[in-house]
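Colleague: turn this into a structure:
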Amino acid sequence: MVPEYQNPNLREIIVRPYRIVYRVKHERKVCEIARVWHSARGTPVL
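Modeller: Next comes the predicted model:
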């Protein structure tokens with residue numbers, strides 16, 4: 001889960017120096033990339 005958003009459908013993968021946030025849609029068996037950004041740029045608004 002992404003700590004800033006407390007949404008169980010949002011998850012993240014950290015591949016330094018990037019954070020990749022994605023949504024899981026279980027009913028459709030789909031993962032959507034929500035955001036990819038460089039960690040030095042702070043936390044974006046999703």
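Colleague: look at the residue located most distally from the centre of the chain and give its secondary structure.
Modeller: The centre of the chain is farthest from one residue, E27, which by CA atoms, centre = their mean lies 18.7 Å away. With DSSP: H, G, I helix; E, B strand; the rest coil as the basis, E27 sits in coil.
Colleague: on the pLDDT front, check it for me.
Modeller: E27 carries a pLDDT score of 89 in this model.
Colleague: where does this protein have low pLDDT?
Modeller: Scanning the chain with the threshold set as pLDDT under 70 gives 44-46.
Colleague: where do the helices sit along this protein?
Modeller: Counting by DSSP state H, the chain has no helices at all.
Colleague: which residue is nearest the centroid of it?
Modeller: Note: the chain centre (CA atoms, centre = their mean) maps to V21, 1.3 Å.
Colleague: isn't that one right up against P3?
Modeller: No. Taking CB atoms under 8 Å as the definition, V21 is not a contact partner of P3, at 11.1 Å. Using the backbone N, CA and C atoms, a C-beta is placed for each residue, glycine as well.
Colleague: so the nearest residue to T43 once chain neighbours are set aside versus A40, what's the distance?
Modeller: Distance criterion CB to CB, 6 or more residues apart in numbering; nearest residue to T43, sequence neighbours excluded, is E4 at 5.8 Å. For E4, the distance to A40 equals 16 Å [CB to CB, to the nearest Å].
Colleague: those two: who's more crowded?
Modeller: With neighbours defined as other CB atoms under 10 Å, E4 and A40 compare such that E4 has more, 13 against 7.
Colleague: and that one, backbone torsions?
Modeller: Torsion angles at E4 (phi, psi; degrees, to the nearest 10) stand at phi -70, psi -20.
Colleague: thank you, goodbye.
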